[in-house]
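>>> Generate coordinates for the sequence data below:
(one chain, ligands or ions: 1)
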Amino acid sequence: MTASFEDQLAFLSELQDIDLDLHTLNKTLAALPEKIAAAESAYSEVKQKFDALKAELAEVEHNKRTDESELAASVEHLREREAKLYAIKTNKEYQAAIKEVSEGKRMNREREDRILAAMERIEALSKEITQLESECAEKEGALTAGREAVQAEEEAILARIKTESARRPELLRRIEKDVLRKYDTVRSRHAQAMAGVTQGICQGCSTRVPPQLYNEMLRRESFKVCPSCQRLLYVVAASAEAEEGEEKK
Ligand SMILES: [Zn+2]
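Below is the predicted model:
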């Protein structure tokens, strides 16, 4: 029975080592997206600004084209209107025509002002867009590089997880079912499901193990559970502690 317990302890320790590694690897894996979060937000911030400027540029250019075509049409119309002023028979009609022409010219001056302002805005926007374009490309490049690095890291971690996991089924077969059940129960709360006992103290929770339980542990026949933290206990520095324990009996 003693030999069997030693074997069980060895298998369980090996399983614990593997599971701790897997736990760490999975945590690292889960934290990977965070590594590129900064690069992602830096890129999307510049990209949003860039897209907004391009949208504004398109709108300004559209409005400018509208003003230009309206201006051209109006200039043509007013020219014809002025050319026919002489043919007007009544004073009332003449005054109305003069008013229409001067109102049309006033609107055209406004159109010209808007066109000039649009030209200035287009120049400023084009400059900003050119600057942002290179910043955008730079941030996108950094993000792509970050993604590639994270992907490579992810692949390396997944490969390690696969390697580490390979021996688990064999260990699971060899460890007694009730021991495994206890181990899994504790592991749902603590990644480190086993705890060494040194000088009567559980190293998992730093609590003194009751003397009776400790004496039972020293017989090394079966797994004991820490009454305080429920971890599976094993005696550290077996020979020295065993002697001490035997003396107390
Ligand atoms: Zn404990």
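
>>> isn't L32 right up against A156?
No: with contact defined as C-beta atoms under 8 Å, L32 does not reach A156; the gap is 10.8 Å. (Glycine included, C-beta is placed from N, CA and C.)

>>> Who has more neighbours out of the two?
For L32 versus A156, the count of surrounding residues by other C-beta atoms under 10 Å is larger for L32: 14 against 11.

>>> Look up which helix or strand that one falls in, please.
helix 2-35 (DSSP states H and E).

>>> buried sites along that helix?
Neighbour-count burial for helix 2-35, counted by 16 or more other C-beta atoms under 10 Å, picks out 5, 8-9, 11-12, 14-16, 18-20, 22, 25.

>>> M217: neighbour count?
For M217, using other C-beta under 10 Å, the count is 22.

>>> Who are the contact partners of it?
Contact analysis of M217 by C-beta atoms under 8 Å, 6 or more residues apart in numbering lists 197, 209, 224, 233-235.

>>> Look at it and tell me its secondary structure.
Three-state secondary structure (criterion: DSSP: H, G, I helix; E, B strand; the rest coil) places M217 in helix.

>>> Against V236, how distant is it?
Distance, M217 to V236, by C-beta to C-beta, to the nearest Å: 11 Å.

>>> Can you name the helix or strand that Y234 falls in?
Going by DSSP H and E, Y234 is in strand 232-235.

>>> Enumerate residues external to that strand that contact any of its residues.
So strand 232-235 is in contact with 9, 12-13, 179, 182-183, 186, 193-197, 202, 209, 217-218, 220, 223-226, 241-242, going by C-beta under 8 Å, 6+ apart.

>>> That one and the ion in contact?
No: against the ion, strand 232-235 shows no contacts by C-beta under 5 Å from the ion, the least distance being 7.3 Å.

>>> The ion contacts on this protein?
Remark: the part of the chain in contact with the ion comprises 202, 204-205, 226, 228-229, using C-beta under 5 Å from the ion.

>>> Give me the buried subset of these.
Here, 16+ other C-beta under 10 Å leaves 202, 204, 226, 229 buried among these.

>>> Which of the contacts of M217 sits closest to K99?
Ranked by distance to K99 (C-beta to C-beta), the contacts of M217 are led by L233 at 104.3 Å.
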